[in-house]
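**Student:** Sharing a model that was predicted from the sequence below.
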Amino acid sequence: MRADQHRPRHLRRPLAVAAAAAATALLLPASAVSATPPGSAQVAVPDLVGSGSVPVRGLDLDALTIPELQQRMDAGQLSAVDLTRAYLARIDALNGELGAVLSVNPHALDDAAASDAARQRQQGRGPLEGIPVLLKDNVDTEAMPTTAGSRALLGSEPDDATITRRLREAGAVVLGKANLSEWANFRGAASTSGWSGVGGQTANPYVLDRNPCGSSSGSAAGVAASLAQVAIGTETDGSIVCPAGANGVVGLKPTLGLVSRTGIVPISAEQDTAGPMARHAVDAALVLGVLAGTDDSDAATAEIPADLGTDFADLDLDALQGARIGVWTLTPEQSAAVDDQTEAVFAAAVKQVEAAGATAVPVQLAYQDEIGAGE
């Protein structure tokens, strides 16, 4: 049975909403619709300061990067409060269809105002100053429950996880918590990607009845639909990269130990890590630079090389000159399962890599049966 069929009929979603959910520029009234996602969760969006309308008309949230937003805020063309209001309005208008956001930070606008005040004093705290971020709801966040999608944890009262604290110290505005596969999908062989008892089913914003993949499904769908500038996901085995691919966003699983896991609901000490999810690669790089670093409470972070730079957004445009990049060459049986459009996108990507100076090296991935058995 399709996951969508488990929902009451009035919560099943028309496909026609998908494109608008993913790409609509922000021109919505603040009172648009109720913000109740599928399932039992109630998302209470703060009063948008009685403005009656979204304060930044024509702002293309989908296209703007963090550096571009920072330039506008530095120039006085945009405030963190207005940017936060804009994302809250999109949550209010669209989350009922997407089920990507479990809860909204009741202090988000206050935190945004504090960010604006710091900028006016020329005391900006870091590269994410004033940038709204969603956290997967297995990452502890002060003044909000961390449920891992389970109703058993609705009353939890955690302190900030280490990465939550790092985000705040860099100036980020914690917008809210994202839905996930309950217990990060560690709940049985037949669990449903993107479903939790707290939030119901997260939808893929491009085709609402399709699998958003999990377990960081709310983080990926929320970013894809411009419900936040960036989000935090976590991965044990595919839970960042799979929803990133399924929802068309950038997702990066860092090397184990680069990012602290203190304050994150665990599964495997050998595999767990948090990582950034974003619409733009530069945004993911900036977030990773904030997240990365040692933590006395997480021994794995002691393995970070002392000379490792964390300015991941300082990208060298000639970095691929002379690089050799493996290109997975399919067997005839594998190729038969891939449609022509997908093949064309893949081939175009290989040409782009080659145009940047790299050599594409055909490879076939061995031991696929053994890898599947290990899963």
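**Tutor:** Received, thanks.

**Student:** Please make it C-alpha for all contacts and neighbour counts, starting now.
**Tutor:** OK.

**Student:** which ones are touching I131?
**Tutor:** I66, A80, L83, T84, G171, A172, V173, Q229 (CA atoms under 8 Å, 6 or more residues apart in numbering).

**Student:** ditto for S216
**Tutor:** K136, N179, L180, S181, A184, G194, G233, T234, E235, S239, I240, P243.

**Student:** quick check, nearest of those to T359?
**Tutor:** Distances from T359 to the contacts of S216, taken as CA to CA, are shortest for I240 (27.5 Å).

**Student:** distance of that closest one from L94?
**Tutor:** 22 Å (CA to CA, to the nearest Å).

**Student:** Quick check: most distant residue from the centroid of this protein.
**Tutor:** Residue farthest from the centre of the chain, counting by CA atoms, centre = their mean, is P332 at 35.0 Å.

**Student:** Can you show me the strands along the stretch 51-200 of the chain?
**Tutor:** Here the stretch 51-200 of the chain has its strands, by DSSP state E, counting those that start in this stretch, at 101-104, 132-136, 173-178, 195-196, 200-201.

**Student:** Need these in a markdown table (columns: mean pLDDT, mean neighbour count and distance to V265).
**Tutor:** Listed next are the strands of the stretch 51-200 of the chain as a markdown table, based on pLDDT from 0 to 100; neighbours: other CA atoms under 10 Å; distance: least, CA to CA, whole Å:
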| stretch | mean pLDDT | mean neighbour count | distance to V265 |
| --- | --- | --- | --- |
| strand 101-104 | 97 | 28 | 16 |
| strand 132-136 | 98 | 30 | 10 |
| strand 173-178 | 98 | 29 | 14 |
| strand 195-196 | 97 | 30 | 15 |
| strand 200-201 | 97 | 29 | 19 |
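
**Student:** Take these and write them to CSV, including distance to K351.
**Tutor:** Converted to CSV, those look like this (distance: least, CA to CA, whole Å):
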stretch, distance to K351
strand 101-104, 37
strand 132-136, 34
strand 173-178, 36
strand 195-196, 38
strand 200-201, 38
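
**Student:** Figure out the helix or strand that D283 lives in.
**Tutor:** Per DSSP states H and E: D283 is located in helix 281-291.

**Student:** got the contact list for the helix or strand just after that helix?
**Tutor:** Next helix or strand after helix 281-291 toward the C-terminus (DSSP H and E): strand 324-328. For strand 324-328, contacts defined as CA under 8 Å, 6+ apart pick out V350, A358, T359, A360, V361, P362, V363, Q364, L365.

**Student:** measure the fifth one to A348 for me?
**Tutor:** Going back to what we said before, that points to V361. Computed as CA to CA, the V361 to A348 distance reads 15 Å.

**Student:** Repeat that for the second one.
**Tutor:** Summarising the geometry, the distance separating A358 from A348, computed by CA to CA, is 14 Å.

**Student:** When the two are compared, which one has more neighbours?
**Tutor:** Ranked by neighbour count (other CA atoms under 10 Å), A358 and A348 place A358 first, with 19 against 12.

**Student:** Excluding covalently adjacent residues, which one is nearest to the more buried one?
**Tutor:** Leaving aside its chain neighbours, A358 sits nearest to A323 (4.7 Å; criterion: CA to CA, 6 or more residues apart in numbering).

**Student:** Mind pulling up the pLDDT for the one you found?
**Tutor:** For A323, the pLDDT comes out at 96.

**Student:** Let me know whether it touches G357 as I believe.
**Tutor:** Yes - at 7.2 Å, A323 counts as touching G357 under the criterion of CA atoms under 8 Å.

**Student:** Understood, closing this out.
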